[in-house]
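Colleague: Make a model of this:
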Amino acid sequence: MTDNNIASRDSQWREELRKAMPAKERTAIPRVKMPELDPAYRITTFTEEVNQGLSAEQAVTEATRCLDCPDPTCTKGCPVSIDIPAFIKNVQRGRNDLALEVLRNTSALPAVCGRVCPQERQCESKCIYNRMGKQPVAIGYIERFAADTAGSEPVNAQPVEPNGIKIAVAGSGPSGLSFAADMAARGFDVTVFEALHEIGGVLKYGIPEFRLPNAIVDREIQGLQAAGVKFVVDTIIGKTISIDNLRERGFKGIFVASGAGLPRFMGIPGENLIGVMSSNEYLTRINLMGAGREGFDTPVAHGKVVAVIGGGNTAMDSSRTARRMGAEKVYIVYRRSEAEMPARVEEVKHAKEEGIELMTLSNPVEYLGDEKGRVTAMKVQRMELGEPDESGRRSPVPIPGAVDTVPVDMVIVSVGVSPNPIIPNSVDGLDISRRGTIVINDDTMQSSIGDLYAGGDIVRGGATVILAMGDGRRAAAGMAAALIP
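Modeller: Now for the predicted structure:
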């Protein structure tokens with residue numbers, strides 16, 4: 001646990017920081033701008049991060065903007081309840097090591113979250129600066145700075161007395177890793193089983209290195225290994241080993257975090273043409289298996305004119321990856337307007353800077369092919385926005401007769417994913433929803449099977465990294481309470 005003097009707002013050092021500058025001066029400081037690679041250069045590299053990170057001077061200045069509110073609403077916007085003012089103020093006083101300790105008290109992956117979490121819709125959206133008509137404190141940028149500069153090991157970590165209770169985790173994505181970290185901190189003997197040959201789940205196969213370098217993910221995993229978490233790769237629970245086999249091996253609790261790796265398609269004519277693929281396949285071949293890069297033999301389709309269907313972060317990742325793979329023209333085809341895109345604003349900005357064209361208020365209705373079965377064009381229905389749907393976004397409505405034919409030689413479909421069905425289909429008596437997700441108790445994350453808990457995409461059908469991590473933390477608390485009343 002974090003030393004109260006490190007985090008408490010009543011600590012003398014925090015009182016001194018608040019008195020050092022009037023609030024009026026703090027609020028006059030402009031929000032920091034993240035240093036970025038030049039777009040013309042960055043489309044030539046897969047592995048160099050676009051966002052370069054803050055300097056120490058930038059981080060301290062941005063941390064100084066934080067008003068250290070007595071009732072910090074930013075923390076209420078964080079799915080894992082990070083004590084945001086505490087870590088920010090430690091950065092301000094130059095104690096990045098203590099900032100990381102505060103972060104690790106509730107987050108297993110601060111260097112990851114600082115890069116890929118949608119802070120603008122969570123913690124930063126709750127910042128008091130928004131009420132002043134000013135830009136919020138750059139919480140994510142400061143989190144990344146603290147995690148990157150302070151290293152991977154928790155500061156002053158206290159040895160935990162093992163309790164000898166074995167726990168299994170299915171999947172090494174953000175939910176599984178967060179759960180594993182919290183259970184290890186409670187003294188449980190945790191083993192994470194990963195279906196692929198690399199640990200990290202969607203953090204490795206789904207997010208390109210120009211946004212989240214593998215070295216950052218590996219560093220976070222090494223911290224978990226140092227805390228005693230064991231990892232087993234190339235193991236598919238439900239296939240390689242069953243839930244009953246795990247019980248026979250002495251595992252007293254099982255956390256299912258197997259994700260949503262089943263791609264969805266639209267069910268329109270031409271989806272079986274050569275050159276039409278899911279974003280899951282495309283990104284996995286390139287991110288995890290090195291397709292298109294020197295030293296790797298993994299095949300992957302190439303296109304000169306590429307259409308990416310969808311408006312989420314995965315669509316942005318796919319389009320930007322296609323650009324780096326040599327595509328001359330890349331369209332993002334989305335049925336609503338840019339304002340309704342679920343992708344992060346920063347990701348849309350980066351995509352446009354890299355030459356990606358947004359074809360909004362457009363929806364493909366058919367793909368056309370040549371005599372060899374290769375995609376050559378798509379028919380696109382033009383749309384207009386109607387009344388809001390259940391999500392609050394205005395529903396797209398077809399404009400009668402407004403159908404265009406657009407030449408393309410490759411299509412990447414990124415319209416969502418469905419839960420991985422292997423574990424749900426392999427456990428008798430497990431309560432499954434109509435969407436194929438595991439039904440759980442929202443408070444404890446416990447399923448209809450007493451020793452089986454679940455979280456992340458296998459429960460939500462699609463979640464951000466931080467929401468999945470929140471599920472993992474909640475499941476760890478629920479399972480620990482059940483096993484050690």
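Colleague: shaky segments in the protein?
Modeller: Scanning the chain for pLDDT under 70 picks out 1-4, 151-159.
Colleague: can we see that at 50?
Modeller: Residues of the chain that meet the criterion pLDDT under 50 lie in 1, 152-156.
Colleague: the residue most distant from the middle of it, which is it?
Modeller: Relative to the C-alpha centroid of the chain, counting by Cα atoms, centre = their mean, E371 is the outermost residue, at 40.5 Å.
Colleague: I'd assumed that residue was in a helix, is it?
Modeller: No. Looking at E371 with DSSP: H, G, I helix; E, B strand; the rest coil, it is coil, so not inside a helix.
Colleague: Could you pull up the contacting residues of it?
Modeller: Counting by Cβ atoms under 8 Å, 6 or more residues apart in numbering, E371 makes contact with nothing. (C-beta placed from N, C-alpha, C; glycine too.)
Colleague: Tell me how far it lies from P269.
Modeller: Going from E371 to P269 by Cβ to Cβ, to the nearest Å gives 17 Å.
Colleague: same thing with L67?
Modeller: 56 Å.
Colleague: The two: who's more crowded?
Modeller: Using other Cβ atoms under 10 Å, the more surrounded residue of L67 and P269 is L67, with 17 against 13.
Colleague: For L368, pull up the helix or strand it's in.
Modeller: Element membership for L368 (DSSP states H and E) is strand 362-369.
Colleague: what's the following helix or strand after the helix or strand V190 falls within?
Modeller: Taking DSSP H and E as the definition, V190 sits inside strand 189-193. Proceeding C-terminally, strand 189-193 gives way to helix 202-205 as the next helix or strand, assigned by DSSP H and E.
Colleague: which secondary structure elements does that next one contact?
Modeller: Helix 202-205 sits against helix 214-226, with contacts defined as 3 or more Cβ pairs under 8 Å, 6 or more residues apart in numbering; DSSP states H and E.
Colleague: Buried residues, the helix it packs on. List them.
Modeller: Using 16 or more other Cβ atoms under 10 Å as the burial criterion, the residues of helix 214-226 that qualify are N214, I216, V217, D218, R219, E220, I221, G223, L224.
Colleague: Only alpha carbons, please: show that helix as PDB.
Modeller: Extracted C-alpha coordinates of helix 214-226, given in PDB (Å, rounded to 0.1, in the frame of the first residue of the first chain):
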ATOM      1  CA  ASN A 214       6.100  -3.800 -27.400                       C
ATOM      2  CA  ALA A 215       9.000  -2.900 -25.200                       C
ATOM      3  CA  ILE A 216       6.600  -0.900 -23.000                       C
ATOM      4  CA  VAL A 217       4.200  -3.900 -22.600                       C
ATOM      5  CA  ASP A 218       7.100  -6.200 -21.900                       C
ATOM      6  CA  ARG A 219       8.400  -3.900 -19.200                       C
ATOM      7  CA  GLU A 220       5.100  -3.900 -17.500                       C
ATOM      8  CA  ILE A 221       4.900  -7.700 -17.700                       C
ATOM      9  CA  GLN A 222       8.400  -8.100 -16.200                       C
ATOM     10  CA  GLY A 223       7.100  -6.100 -13.300                       C
ATOM     11  CA  LEU A 224       4.300  -8.700 -12.800                       C
ATOM     12  CA  GLN A 225       6.800 -11.500 -13.100                       C
ATOM     13  CA  ALA A 226       9.000  -9.900 -10.400                       C
END
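Colleague: Need the residues that contact it.
Modeller: Outside helix 214-226, the residues that touch it by Cβ under 8 Å, 6+ apart are 108-109, 111-112, 115, 148, 152-154, 172, 177, 180-181, 184, 199-200, 203-204, 231.
Colleague: With adjacent residues omitted, what lies nearest to V411?
Modeller: V276 (4.4 Å; Cβ to Cβ, 6 or more residues apart in numbering).
Colleague: same deal with S337?
Modeller: Closest residue to S337 apart from its sequence neighbours, by Cβ to Cβ, 6+ apart: T360 at 5.2 Å.
Colleague: Could you check how far that neighbour is from V229?
Modeller: T360 sits 44 Å away from V229, going by Cβ to Cβ.
Colleague: Neighbour count: those two, which is higher?
Modeller: Neighbours per residue (other Cβ under 10 Å) separate T360 from V229, with V229 holding more: 26 against 18.
Colleague: distance of the more buried one from A181?
Modeller: With the distance defined as Cβ to Cβ, V229 ends up 7 Å from A181.
Colleague: try A99
Modeller: For A99, the distance to A181 (Cβ to Cβ) stands at 18 Å.
Colleague: ok, now which ones touch E390?
Modeller: E390 neighbours (Cβ under 8 Å, 6+ apart): none.
Colleague: And it, how far from F210?
Modeller: Per Cβ to Cβ, E390 is found 34 Å from F210.
Colleague: In JSON lines, list the buried residues of helix 214-226 along with distance to A351.
Modeller: As requested, the buried residues of helix 214-226 are arranged in JSON lines below (distance: Cβ to Cβ, whole Å):
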{"residue": "N214", "distance to A351": "21"}
{"residue": "I216", "distance to A351": "21"}
{"residue": "V217", "distance to A351": "22"}
{"residue": "D218", "distance to A351": "27"}
{"residue": "R219", "distance to A351": "27"}
{"residue": "E220", "distance to A351": "26"}
{"residue": "I221", "distance to A351": "29"}
{"residue": "G223", "distance to A351": "32"}
{"residue": "L224", "distance to A351": "32"}
